[in-house]
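K.L.:
Have a look at this prediction, sequence included:
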Amino acid sequence: MTSLRRTLTKNQVDAFWRNGWLVVENLLSPDDVTRLGQRADQIARGETDASPERVQAERVVREGEATAAARELEIRKLYWLAGQDDVLQTHARHPAVVDVIADLLDTDDLKLYADQLFMKPPAIGAAQPWHQDSKSFIDIYPMDLVTAWAAIDDSTLENGCLEFVSGSHQWGLLSNDQMDEHRSVIGNDPAYMPDPAPLRSGSVSFHHSLTWHASRANTSTARRRGYAVHYMRSESRRTTVFEAPRVPPPLQIRGRSFEGCV
């Protein structure tokens with residue numbers, strides 16, 4: 001993985017493939033972050049033409065246990081936006097972000113599989129249990145997707161930053177029973193100790209789609225917004241045929257497309 005490297009050092013690329021995740025500090029400019037944050041709130045309030053494929057409110061809001069002062073403070077996350085919003089698509093194509101993805105996947109032929117906007121509001125933002133993204137991306141082979149998680153706000157332990165189990169991408173895709181077994185020992189067994197990944201606004205974490213990750217509840221008074229874009233090689237293939245598409249068609253981000261591939 002050296003021929004295309006333009007942003008990361010060899011040590012950074014090696015660390016990603018060893019640990020399954022990597023943080024790149026200050027990858028986005030303050031203006032980039034401001035645009036992302038403003039657009040996130042506008043979309044959450046329904047003030048744009050973007051129509052998210054799915055909007056998930058926080059559980060306590062859905063069940064009537066809590067209310068918030070504004071719509072954007074009730075929402076947990078929104079799905080699949082880059083294909084219909086210019087601001088978010090501009091971010092998905094951001095050269096600084098895509099250069100890192102190209103370095104990690106060792107190719108300039110890249111597509112966007114899906115994207116998610118995480119709002120995680122203060123006080124009511126719920127925890128996200130331990131999981132592998134590839135359980136949701138199971139139709140893609142090889143399972144080498146990489147997520148770029150951009151911090152719109154400072155992401156801390158108190159407001160629920162991402163945490164990773166380093167090296168867990170090497171376990172492969174686990175069954176539900178295996179996942180339950182692993183969840184029961186994370187944080188209790190030295191081989192399963194999580195590594196928190198707090199981020200300053202404008203920093204971006206990158207993780208492999210098989211890497212185990214989670215986040216705690218937001219117990220703070222601060223928001224924890226983040227925009228996650230899931231990238232894959234254009235030569236990836238679909239292994240499952242669905243009666244209806246699960247996600248919008250992949251979006252070409254850079255380079256070539258290949259017949260018979262995604």
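P.N.:
In hand now; what should we look at?
K.L.:
Kindly check the end-to-end length of stretch 9-29 for me.
P.N.:
This stretch, stretch 9-29, spans 21 Å end to end (Cα to Cα, to the nearest Å).
K.L.:
could you point out where this protein is predicted with low confidence?
P.N.:
1-5, 241-247 (pLDDT under 70).
K.L.:
how does it look with 80?
P.N.:
Applying pLDDT under 80 to the chain flags residues 1-6, 53, 66-69, 191, 240-247.
K.L.:
Ramachandran angles for Q42?
P.N.:
When read as degrees, to the nearest 10, the backbone of Q42 gives phi -60, psi -40.
K.L.:
those strands in the stretch 51-200 of the chain, which residues are they?
P.N.:
Under the criterion DSSP state E, counting those that start in this stretch, strands of the stretch 51-200 of the chain are mapped to 54-57, 75-79, 110-118, 128-131, 140-141, 146-151, 162-164, 195-196.
K.L.:
quick one: which of those is nearest D14?
P.N.:
strand 146-151 (15.0 Å; Cβ to Cβ). To be clear about C-beta, it is placed using only N, CA and C from the backbone, and glycine gets the same treatment.
K.L.:
show me the contacts for the most centrally placed residue in the chain.
P.N.:
Centroid-nearest residue in the chain, with Cα atoms, centre = their mean: A228, separated by 3.3 Å. Neighbouring residues of A228 by Cβ atoms under 8 Å, 6 or more residues apart in numbering: 115-118, 147-150.
K.L.:
that older thread, which among the strands of the stretch 51-200 of the chain is found nearest to R39?
P.N.:
Between R39 and those, the tightest spacing by Cβ to Cβ is seen for strand 110-118, at 8.8 Å.
K.L.:
any idea how far that closest one is from the chain center?
P.N.:
Taking Cα atoms, centre = their mean, to the nearest Å, one finds strand 110-118 lying 7 Å from the centre of the chain it belongs to.
K.L.:
Neighbouring strands - and their directions - for that strand?
P.N.:
According to DSSP bridges, strand 110-118 forms sheet pairs with strand 75-79 (antiparallel), strand 226-233 (antiparallel), strand 251-254 (antiparallel).
K.L.:
so what does the helix or strand just after the longest one touch, helix or strand wise?
P.N.:
Read it as strand 226-233. Later in the chain than strand 226-233, the nearest helix or strand by DSSP states H and E is strand 237-238. Where contact means 3 or more Cβ pairs under 8 Å, 6 or more residues apart in numbering; DSSP states H and E, strand 237-238 is packed against strand 140-141.
K.L.:
Tell me the one of the contacts of A228 nearest D133?
P.N.:
T147 (6.2 Å).
K.L.:
which one of the contacts of A228 has the most neighbours?
P.N.:
Among those, the one with the most neighbours (other Cβ atoms under 10 Å) is L117, at 28 neighbours.
K.L.:
these two touch, right, that residue and K77?
P.N.:
Yes: between L117 and K77 there is a contact at 6.2 Å, judged by Cβ atoms under 8 Å.
K.L.:
ok, back up a step: gap between the residue nearest to the centre of the chain and A66?
P.N.:
Noted for A228: a distance of 25 Å to A66, by Cβ to Cβ, to the nearest Å.
K.L.:
And for F16?
P.N.:
Note on F16: its distance to A66, by Cβ to Cβ, is 38 Å.
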